[in-house]
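J.: Give me coordinates for this.
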Amino acid sequence: MYQQHPSARTTGLCDCTQDCRSCCLTCFCPCVAFGQIAEIADSGNTSCLLGGLVYYLLMHLSYVSPCYACFYRKRLRAKFNLAEEPCRDCLVHCFCGCCALCQEYRELKNRGFDPALGWAVNMEKRQSAQAGIAMAPPMGQAMGK
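T.: The predicted structure is shown next:
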């Protein structure tokens, strides 16, 4: 069976300034950014609120939020068949947590998702866009009697 090679990410780990909005969000409100990423990485099974709350509690009570975040980075990699780079997911989140969240946020945006909208709205938009492509435009009625 043929295995497809993992693809490269659309942006690098340290390309945070490419999207200043997501950079500020991940630096100043990492729990919100993580919650939005987790909801899409987990195909809506984890809500933004729950993901962000767990991340917040782990970050402030036990400092193991990088371990929690690396699981969602792995899910994102699997969803888009991305290479594990520049090093292991857990190392990226342990040593460059804000950069990792910012990269994941940009990756979702570059692949057509808006993390701020959540899973359900993103899926509705994708389905309506696909339906618009698949369906022919409606034909006008004849002008005569």
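J.: Just give me how far stretch 17-35 sits from the chain centre.
T.: The gap between the average C-alpha position of stretch 17-35 and the chain average comes to 12 Å, counting by C-alpha atoms, centre = their mean, to the nearest Å.
J.: right, I mislabeled it, should have said stretch 15-32
T.: Taking C-alpha atoms, centre = their mean, one finds the center of stretch 15-32 at 13 Å from the center of the full chain.
J.: So, low pLDDT: which residues of the chain?
T.: Judged by pLDDT under 70, the chain has its weakly predicted residues at 1-3, 133-145.
J.: Please enumerate the helices of it.
T.: Secondary structure of the chain, counting by DSSP state H: helices at 20-28, 30-41, 48-57, 65-80, 89-95, 97-110, 118-134.
J.: count of neighbours near residue 105?
T.: By other C-beta atoms under 10 Å, the residues close to residue 105 number 26. To be clear about C-beta, it is placed using only N, CA and C from the backbone, and glycine gets the same treatment.
J.: pretty sure residue 81 is touching residue 9, no?
T.: No: at 10.9 Å, residue 81 and residue 9 do not qualify as touching, with contact defined as C-beta atoms under 8 Å.
J.: Name the residue in these two with the higher neighbour count.
T.: residue 9 (21 against 11).
J.: What's the separation between the more buried one and residue 125?
T.: When C-beta to C-beta, to the nearest Å is applied, the distance between residue 9 and residue 125 equals 23 Å.
J.: between the helices of the chain, which one is nearest to residue 13?
T.: Evaluated over the helices of the chain, closeness to residue 13 peaks at helix 97-110, with 5.2 Å, by C-beta to C-beta.
J.: Buried residues, that closest one. List them.
T.: When neighbours are counted by 16 or more other C-beta atoms under 10 Å, the buried residues of helix 97-110 are found to be 97, 99-109.
J.: Restrict it to CA atoms and write it as PDB.
T.: C-alpha atoms of helix 97-110 as PDB (Å, rounded to 0.1, in the frame of the first residue of the first chain):
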ATOM      1  CA  GLY A  97       4.400  27.200  23.500                       C
ATOM      2  CA  CYS A  98       3.200  30.600  22.200                       C
ATOM      3  CA  CYS A  99       5.000  30.100  18.800                       C
ATOM      4  CA  ALA A 100       3.400  26.600  18.500                       C
ATOM      5  CA  LEU A 101      -0.100  27.900  19.200                       C
ATOM      6  CA  CYS A 102       0.400  30.800  16.800                       C
ATOM      7  CA  GLN A 103       1.700  28.400  14.100                       C
ATOM      8  CA  GLU A 104      -1.300  26.000  14.600                       C
ATOM      9  CA  TYR A 105      -3.700  29.000  14.400                       C
ATOM     10  CA  ARG A 106      -2.100  30.200  11.200                       C
ATOM     11  CA  GLU A 107      -2.100  26.700   9.700                       C
ATOM     12  CA  LEU A 108      -5.900  26.400  10.300                       C
ATOM     13  CA  LYS A 109      -6.500  29.900   8.700                       C
ATOM     14  CA  ASN A 110      -4.300  29.000   5.700                       C
END
